[in-house]
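Peer 1: what follows is a protein structure lacking sequence information:
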């Protein structure tokens, strides 16, 4: 995406509703190596004024991302798609993408969660599986939040943001196959983040995720450490 940065920045400055579709979203590209693995680009485009950076998870959220993009005629949208297989998890929603973040699962929906898992794109499946494992192991009330578009979430009212991410719940784990830059806004200064703060490498995707610790076991481990605080 670096060589396209200027053509993407111009519509942001000009308030033009251009839609950019990216197909290289993480280290999951595997053998293509670090030159094709955009570990820092999600953060960099989130930092670009007027740009909507959407990283959807599964078919429902992808449909929602396109709907958001075509409706926003006065600012550009970047949709970061994955080449990895993803499921449309129960609770995933096309309509909810417009709010930027939403609760996709909770053990007991009518009570305050003990811990919140946050994720985007292909890592939402991982966060969901880890939450279910922690739920089984600890009997805690877990919540999973999909966070496809930070900019849209920040535009929501204070009441909605507090509803999704209650400030009283400090046990949080963020999961994204990218840099941690910016994530502590949502997981908090004491929260955990599972991602990658180095360049990637050339190897099969599964091996890379294992090597960099973006795994079910590590997310579960980080979550239990949060609950132990």
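Peer 2: Cool, the structure landed. Keep in mind that this is a model prediction, so the values were computed, not measured. Residues are numbered from 1 along each chain as shown.

Peer 1: output the lowest mean pLDDT helix or strand found in this protein.
Peer 2: Scoring the helices and strands of the chain by mean pLDDT, DSSP states H and E places helix 205-211 at the bottom, with a mean of 81.

Peer 1: report the buried residues of that one.
Peer 2: 205, 208-209 (16 or more other C-beta atoms under 10 Å). C-beta: built from backbone N, CA, C; applies to glycine.

Peer 1: and that helix, how far out from the chain's middle?
Peer 2: 18 Å (C-alpha atoms, centre = their mean, to the nearest Å).

Peer 1: check stretch 162-180 too.
Peer 2: 10 Å.

Peer 1: show me what counts as buried in it.
Peer 2: For stretch 162-180, using 16+ other C-beta under 10 Å, the buried residues are 164-165, 171-180.

Peer 1: do stretch 66-75 as well
Peer 2: Buried, per 16+ other C-beta under 10 Å, within stretch 66-75: 66, 68-69, 72, 75.

Peer 1: quick check: phi and psi on the closest residue to residue 12 other than its chain neighbours?
Peer 2: The shortest distance from residue 12 to any non-neighbouring residue, by C-beta to C-beta, 6 or more residues apart in numbering, is to residue 50 (4.2 Å). With angles defined as degrees, to the nearest 10, residue 50 sits at phi 70, psi -10.

Peer 1: ok, now residue 116?
Peer 2: Dihedral angles (degrees, to the nearest 10) for residue 116: phi -120, psi 130.

Peer 1: likewise the one 4 residues further on?
Peer 2: Here is the backbone geometry of residue 120 (degrees, to the nearest 10): phi -130, psi 160.

Peer 1: now do it, the pLDDT please.
Peer 2: We have a pLDDT of 96 for residue 120.

Peer 1: does it touch residue 145 like I think?
Peer 2: No: the criterion here is C-beta atoms under 8 Å, and residue 120 misses it with residue 145 at 10.0 Å.

Peer 1: neighbour count winner among those two?
Peer 2: Taking neighbours as other C-beta atoms under 10 Å, residue 120 and residue 145 compare with residue 120 leading, 29 against 25.

Peer 1: the spatially closest residue to the more buried one that is not a sequence neighbour: neighbouring residues, count only.
Peer 2: Nearest residue to residue 120, sequence neighbours excluded (C-beta to C-beta, 6+ apart): residue 55, at 4.3 Å. Around residue 55 there are 31 other residues, counting by other C-beta under 10 Å.
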